[in-house]
Every structure is written in C-alpha cells, then in structure tokens.
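Engineer: What shape does this take:
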Amino acid sequence: MSEKTNKKLRLGLPKGSLQESTFALLAKAGWKISSSSRSYIPRVDDPELELRLIRAQEISRYVEHGFLDAGLTGADWIAENDSDVEVVAEIAYSKATTNPARWVLAVPNDSTIKSVKDLQGKRIATELVEATRRWLKKNGVTAEVEFSWGATEVKAPELVDAIVELTETGSSLKANNLRIVDELVRSFPQLIANKKSWQDSWKKQKVETLAMMLKGALQAEEKVGLKMNIPRTKLDTLLTQLPALRNPTISTLSKADWVAVETIIDEKIVREIIPQLKAAGAEGIIEYPLNKVIY
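Structural biologist: Got it, this is the predicted structure:
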C-alpha cells in the first residue's frame, strides 16, 4: 500500500464555467475536492492524485507536453490545439444541462447574414479560431477571423459582423440581441492522457479507473433503484411490466410465499411504472437514488 500511494497522477481539471459541475461529478464518482477561489491546486481525498485547475482551452496542450498526465477538456479544444493525446473516454456532462456545448455562428437580430455564404468578406470574432477557419474553408467562404479574448457577445455589430461562440442553451446570446445562424461544432468533455503516461501501467490503470467511475456516475444520474415485495403467485405478472437494465434480482423472504424484487430503471418512467406495479400486487415499494451504475 505504501508503495502505491507514493505514486502520483497529475490530473488537469477545467477552471471556469465547467469547474463546479466537474467537482460535483467527481464527488459523485467518489473523489471529494475542495478549493479556495484563488487556488489552482485543489485538495482531493486521494493521495494518488495531484490536481491542477487550468483553463479548458489549455489542458490538452499541457497533457500533450507532459506537464499533466491526464485531463478533462472539451473535444473542441483538443481539435483546436491539434493535440496529440490519448483520448480515453468521452465524459458526457456540461455546465448546466446534459446537452453538449455548441459552437454557433451568431449575428445581431437585424443583420442581413442568413447563412455561412453571407460571411464572404466579413469579420468574425471567436476563441475557436482554427475550427472556424476550417469551417469557412469547407464552405468555400473567405472571411477574416480574429481571436477574441472574451466578452465576445458584445462585439457585434460594432467591432465585427458575426461571432462564433460557445453556448448550451442560447440564453446569453438572446440576452445580447443575437440570433443563431448555424452550428459549427458540438462538444462534450473528454478524459485524455499523455502518450508517455499512457504507457505507464500504473498511470494507465489509474486513468481507466477514473474513466469507469466518472462514466458510472453519469449513467446513474438518469437511473433509480426500485425495491418491492410481492406474492410469489403474482411475480410473473409483475415481471412483464418491469423494465430493467438486466434481469431483476429476486430474493426469498421469511414468508415463503413472498419474494423481494430489486431492479434499476430510468427515473423518467417511475411515475408511470409505480402505479402499475402496485396494481400488479407489489407492496412496500421503495425508490432510491444511485451514485454509480457500472455496466
């Protein structure tokens, strides 16, 4: 045990808009993290992890160059930086919803720009410069793309004709009197590893464990557990109405003519299924939340 805990995996986490949801997901996966508002080195209850808070835009470069063994960052930034890293797993979470982040072309509501073709000779501001240039080239359009250091929404129409900006819901764009014209990229965070670190058997196993637990935590978010008791004579009827990830667990109770049934189902169908289970003869129905579901 002492030999194992002397080893460290340096993991980069996104600082900024994804920070809070990342900490929450890691907590559900089993890692408790604490950090002061000005700290770039959060504390974690795992002696085998060293955490660094870094802007998502930069994480893939630091993983590629070996400052970090692994990191969580968007597929968009990996492509933007053209980073040569090992993509271990997609971790499909976002800031406020379960939807992917979207990079969209947006213009002022009264703009004459209706499609990508209308961008010919125009000026566009964005943080995602290279992806925007590739998208324009793909569509046969020549336009000036300039890097935006932030507050991109307020730059149109006074400074630029259009922007390419990251959004989940589009609410910030609407608040700035902008409308979406087109979508360039959809992106979820990816768990990535440095190529050399990935060749280290201990680090690889640590990263794979992290991926498994994070995906398990995500898979549990839309699932719940159900327990119930039912007379054995009514079991077949109940099982025809009970969706499950796999066959449900059935246990004998102290009363030989009764059994306990336990299963995992989608939370969104619970409100419909519980009355059906009750009508089928189930009693003592218990619904409980899940932290992780590992397939």
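Engineer: Find the least confident helix or strand in the protein, judged by mean pLDDT.
Structural biologist: helix 2-5 (a mean of 50; mean pLDDT, DSSP states H and E).
Engineer: Could you list the low-pLDDT ranges of the stretch 1-150 of the chain?
Structural biologist: Where the stretch 1-150 of the chain drops to pLDDT under 70, the residues are 1-5, 37, 96-97.
Engineer: Please enumerate the strands of it.
Structural biologist: Secondary structure of the stretch 1-150 of the chain (DSSP state E, counting those that start in this stretch): strands at 9-15, 33-34, 43-44, 49-55, 70-74, 86-90, 101-108, 123-126, 144-147.
Engineer: State the distance from the closest residue to residue 206 other than its chain neighbours to residue 57.
Structural biologist: Leaving aside its chain neighbours, residue 206 sits nearest to residue 9 (4.7 Å; criterion: CB to CB, 6 or more residues apart in numbering). Glycine gets a C-beta too; all of them are placed from N, C-alpha and C. Using CB to CB, to the nearest Å, we find residue 9 at a distance of 22 Å from residue 57.
Engineer: So these two - more neighbours on which side?
Structural biologist: Using other CB atoms under 10 Å as the criterion, residue 9 and residue 57 rank with residue 9 on top: 23 against 17.
Engineer: Confirm for me that that one is in contact with residue 69.
Structural biologist: Yes. If you go by CB atoms under 8 Å, residue 9 and residue 69 touch, sitting 5.0 Å apart.
Engineer: so what's in contact with the two at the same time?
Structural biologist: 197, 203, 207 (CB atoms under 8 Å, 6 or more residues apart in numbering).
Engineer: Out of those, flag the one nearest to residue 289.
Structural biologist: residue 207 (27.2 Å; CB to CB).
Engineer: Next one: the closest one relative to residue 6, how far apart?
Structural biologist: 18 Å.
Engineer: Pick out whichever of the two has more residues nearby.
Structural biologist: Set residue 207 next to residue 6 and count neighbours by other CB under 10 Å: residue 207 wins out with 24 against 9.
Engineer: Would you mind measuring from that one to residue 282?
Structural biologist: On the measure of CB to CB, residue 207 and residue 282 end up 42 Å apart.
Engineer: what does residue 83 give?
Structural biologist: On the measure of CB to CB, residue 83 and residue 282 end up 52 Å apart.
Engineer: quick one: which of the two has more around it?
Structural biologist: residue 282 (23 against 19).
Engineer: Report the spatially nearest residue to that one, omitting neighbours in sequence.
Structural biologist: residue 228 is the one closest to residue 282 (CB to CB, 6+ apart), at 4.1 Å.
Engineer: Ok, residue 147 next?
Structural biologist: residue 129 (5.3 Å).
Engineer: what's around that neighbour, how many residues?
Structural biologist: 16.
Engineer: wait, isn't it in contact with residue 145?
Structural biologist: Yes. Counting by CB under 8 Å, residue 129 does reach residue 145; the two are 5.5 Å apart.
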